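S.K.: sharing a sequence plus its predicted fold:
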Amino acid sequence: MELGNFTFSMIKPTAFHNKHAGEIITMIYEQGFHIIAMKMTRLSYKEAQLFYKVHADRPFYTDLCKFMSSGPIIALILTKSNAVEDYRKLIGSTDPSLAEDGTIRNVFGLNIQQNAVHGSDSDENALREAQFFFSELEIYKNA
């Protein structure tokens, strides 16, 4: 995967539970992204701790790990030119009440923690996060 042309996303437990996964995936496709890897899974608490270890010193870390291990998630690798930046625009602000109208978090997010989706914030994190969930065999290379 070439940095800059892919990003990682995760549909969070509440959005999955509220049956918004299909609508979120449709919004992703409508913005010109291609899905080259996708899986539904459930993080254990320890896996959530590993994934979010960058936030380990933050006061919300424990609650975030509990939430992210509370139900199924859908992990995705998306491709498009300028993928990280374009996806950050599509998902909107971390706080759904501050997200622009029509963004994924504005439409489906409930609060800062239950904001429907995770999206990588840099090319380097996109690579790290994608490798956390997917092996090379699970990534479609001809998209």
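M.R.: Alright, I've got the coordinates. Numbering: from 1, shown residues only.

S.K.: any low-confidence regions in this protein?
M.R.: Residues of the chain meeting the criterion pLDDT under 70: 1-2, 4, 143.

S.K.: could I get the full set of strands for it?
M.R.: 6-11, 34-41, 73-79, 117-119 (DSSP state E).

S.K.: in JSON lines: these, plus mean neighbour count.
M.R.: For every residue, glycine as well, the C-beta is placed using N, CA and C. Converted to JSON lines, these look like this (neighbours: other Cβ atoms under 10 Å):
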{"stretch": "strand 6-11", "mean neighbour count": "26"}
{"stretch": "strand 34-41", "mean neighbour count": "15"}
{"stretch": "strand 73-79", "mean neighbour count": "24"}
{"stretch": "strand 117-119", "mean neighbour count": "24"}
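
S.K.: closest one to K89 among those?
M.R.: Nearest to K89, of all those, is strand 117-119, at 9.8 Å by Cβ to Cβ.

S.K.: for the closest one, name the packing helices and strands.
M.R.: strand 6-11, helix 83-91, helix 104-108 (3 or more Cβ pairs under 8 Å, 6 or more residues apart in numbering; DSSP states H and E).

S.K.: of those, which is nearest Q131?
M.R.: For Q131, the closest of the helices and strands packed on strand 117-119 is strand 6-11, at 9.1 Å, according to Cβ to Cβ.
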